[in-house]
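Participant: please work out how this folds:
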Amino acid sequence: MALCELRLDGNLLAAFPWEGLRDMPHLHTLGLHNNHLVSFHAHTALFLPNATYLDLSSNRLTTLPSELLDLWLPPPGKLAGRTQRKVLGLHDNVWQDD
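Facilitator: Prediction:
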């Protein structure tokens, strides 16, 4: 049986072992709401090829790599062969103004 949903909300995580998701290709839901995550690196999005729900809200993120947004929200003509993303929770972080 493959893991499809992982929710680690409210665990005070300061870091997450993103590379560990490589062995979870069927993961569709990843909930990391209300932790202490401070970064999300560009390569991290590659470990979420089939995710349709990613909640990073209420953490301590200040920036997001453009690669995440490109992968998660590709232009309409670039969806061929990719899973269409549905939910990306980013509210209640400490974003920097760029």
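Participant: tell me the helix or strand right after the helix-or-strand element of the chain with minimal mean pLDDT.
Facilitator: Across the helices and strands of the chain, mean pLDDT, DSSP states H and E gives its lowest value to helix 66-72, namely a mean of 76. Downstream of helix 66-72, the next assigned helix or strand under DSSP states H and E is strand 87-89.
Participant: residues of that next one that come out buried?
Facilitator: Within strand 87-89, the residues scored as buried using 16 or more other Cβ atoms under 10 Å are Leu88, Gly89. (Glycine included, C-beta is placed from N, CA and C.)
Participant: so where do the strands sit in this protein?
Facilitator: For the chain, applying DSSP state E gives strands covering 5-7, 29-31, 53-55, 87-89.
Participant: need the residues that contact the last one.
Facilitator: Yep, that's strand 87-89 we're talking about. Residues outside strand 87-89 that contact it (Cβ atoms under 8 Å, 6 or more residues apart in numbering): His33, Thr52, Tyr53, Leu54, Asp55, Leu56, Ser57, Trp72, Leu73.
Participant: want to throw the residues you listed into TSV with distance to Arg22?
Facilitator: Listed next are these as TSV, based on distance: Cβ to Cβ, whole Å:
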residue	distance to Arg22
His33	23
Thr52	18
Tyr53	19
Leu54	16
Asp55	20
Leu56	19
Ser57	24
Trp72	18
Leu73	23
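Participant: any of those buried? List them.
Facilitator: Buried subset of the contacts of strand 87-89 (neighbour count, 16+ other Cβ under 10 Å): His33, Thr52, Tyr53, Leu54, Asp55, Leu56, Ser57, Trp72.
Participant: so for this protein, the centremost residue is which one?
Facilitator: For the chain, the residue nearest the mean C-alpha position is Leu54 (4.5 Å; Cα atoms, centre = their mean).
Participant: pull up the gap between it and Thr63, please.
Facilitator: Distance, Leu54 to Thr63, using Cβ to Cβ, to the nearest Å: 16 Å.
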